[in-house]
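A.B. asks: here is a sequence with its predicted model. Questions after.
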Amino acid sequence: MANLALSTLKLFVGVISGSHALVADSLYSAKDVITSLIIIVGLKISKQPIDQEHPFGHGKIEFILALVVSLVLLILTGILFFFSAETLLEGVHTAPHLIALWTALLSVAVNLFMYKYTKCVSVEINSPVVGILSTHHFADSLSSVAVALGIIGSHYLGMPWLDTVVALGEALHLIYLGSEVFWNAFKGLMDTSAPKETVIKIKKVAAECSGVESVEQVRTRLVGQELWIDMTVSVNPELSVGSAKVISRRVEEQLATNIPHVGDIGVHFHALPGSVPEMVELKQEILQLSGSEEEEEPDKGLV
């Protein structure tokens, strides 16, 4: 509701005051309204339990919705950029009314508050879409600062065209934001792995578990708000299968405790290669027998 009210206010004041930059700034808040609606739908769907048709859950819905947000943002930005460039090239400019300045300052305050609030929420629930909304609120506050500076410059520096230049700059910034959101959503749909720091922590937690000889392989994937882990550890080959399974479960428990936002964990095990002298000797005997057979085989190349 805050974004909707702010967007409507900036659009109305921007039109009556003649501020192109404030009209452009209203699109920043408008995209946040769309994003907020998508978050509500995305969180509701992504929280649904795993079923037969969706064995990996519904988490990717957030990436799909983020992709939609980015496309809508890019379309609106294209229209805004064209309008701002056309206005700038006309060469006839007037300084906007100072009511636009007070509206821009109000927007700065509201967006900074919303940025801090949504930032905390995104960290708490590990939601990519809420993280995007938080980033947008911060960008909105910077945009409103630019609008305020443009209006001040138009009035007190004798540069009435500065307001339109700010609007053009905002359009370019929105193109950048839309492209960034699009790329992040695309990577999420392509099963991007967890950040390098998280993978290192996963290996460290697993390696410190009692009975784990080494960590052989770690594969991760981001499924919406959750992190899915699939890994292989080496254990002592002299252990029974039951004991090895106990070690695997121990690793899973430690990962679930120490790694935040884990959705699913699969830990596989195998015997540490080369750790059993009997197996090494057996392999050497097989190689020796194979070599002896090759030496005894007659040379078929001679007639």
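C.D. replies: Yep, that arrived. Residues are numbered from 1 along each chain as shown.
A.B. asks: alpha carbons only for contacts and neighbour counts from here, please
C.D. replies: Will do.
A.B. asks: quick one, domains of this structure?
C.D. replies: 2-189, 196-295 (automatic domain parsing).
A.B. asks: need the helix or strand of the chain with the lowest average pLDDT.
C.D. replies: Lowest mean confidence among the helices and strands of the chain (mean pLDDT, DSSP states H and E): helix 277-296, at a mean of 55.
A.B. asks: which of the domains of the chain is buried the deepest?
C.D. replies: Mean neighbours per residue, mean count of other C-alpha atoms under 10 Å, is largest over those for domain 2-189, with a mean of 19.
A.B. asks: quick one: mean pLDDT for that domain?
C.D. replies: Domain 2-189 shows a mean pLDDT of 79.
A.B. asks: what sits against residue 211?
C.D. replies: 235, 236, 247 (C-alpha atoms under 8 Å, 6 or more residues apart in numbering).
A.B. asks: so what's it scoring on pLDDT?
C.D. replies: Listed pLDDT for residue 211 reads 89.
A.B. asks: so it, which of the three states?
C.D. replies: coil (DSSP: H, G, I helix; E, B strand; the rest coil).
A.B. asks: what is the host helix or strand of residue 176 packed up against?
C.D. replies: Using DSSP states H and E, residue 176 sits in helix 162-189. If you count contacts as 3 or more C-alpha pairs under 8 Å, 6 or more residues apart in numbering; DSSP states H and E, helix 162-189 packs onto helix 20-46, helix 61-90, helix 128-156.
A.B. asks: can you put those helices in JSON lines and add distance to residue 98?
C.D. replies: Below are the helices and strands packed on helix 162-189 laid out as JSON lines (distance: least, C-alpha to C-alpha, whole Å):
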{"stretch": "helix 20-46", "distance to residue 98": "12"}
{"stretch": "helix 61-90", "distance to residue 98": "20"}
{"stretch": "helix 128-156", "distance to residue 98": "7"}
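A.B. asks: of those, which approaches residue 118 most closely?
C.D. replies: With C-alpha to C-alpha as the measure, helix 128-156 is the member of the helices and strands packed on helix 162-189 nearest residue 118 (5.1 Å).
A.B. asks: report the inter-axis angle for the closest one versus helix 20-46.
C.D. replies: Orientation of helix 128-156 against helix 20-46 (axes from the mean of the first three to the mean of the last three C-alpha atoms, to 10 degrees) gives an angle of 170 degrees.
A.B. asks: show me what contacts residue 65?
C.D. replies: Each residue near residue 65 by C-alpha under 8 Å, 6+ apart is listed here: 38, 42.
A.B. asks: now it: how far from residue 42?
C.D. replies: 7 Å (C-alpha to C-alpha, to the nearest Å).
A.B. asks: residue 197 too?
C.D. replies: Distance of residue 197 to residue 42, computed by C-alpha to C-alpha: 27 Å.
A.B. asks: what is the residue nearest to residue 263 when sequence neighbours are not counted paired to in the beta sheet?
C.D. replies: Distance criterion C-alpha to C-alpha, 6 or more residues apart in numbering; nearest residue to residue 263, sequence neighbours excluded, is residue 226 at 4.9 Å. Taking DSSP bridges, one obtains residue 223 as the residues bridged to residue 226.
A.B. asks: check which helix or strand covers residue 102.
C.D. replies: Short version, using DSSP H and E: residue 102 is in helix 99-125.
A.B. asks: residue 216 falls within a helix, correct?
C.D. replies: No. Judged by three-state DSSP, residue 216 forms no part of a helix; its state is strand.
A.B. asks: that one contacts residue 234, correct?
C.D. replies: Yes. With contact defined as C-alpha atoms under 8 Å, residue 216 counts as touching residue 234 (6.6 Å).
A.B. asks: low-scoring stretches of the stretch 201-303 of the chain, by residue?
C.D. replies: The model of the stretch 201-303 of the chain has pLDDT under 70 over residues 224-225, 272-303.
A.B. asks: give me that answer again for 50
C.D. replies: Along the stretch 201-303 of the chain, segments meeting pLDDT under 50 span 275-280, 282, 299-303.
A.B. asks: name the SS class of residue 267, please.
C.D. replies: Here residue 267 is strand, with the state taken from three-state DSSP.
A.B. asks: any idea how far it lies from residue 245?
C.D. replies: Residue 267 is 9 Å from residue 245, by C-alpha to C-alpha.
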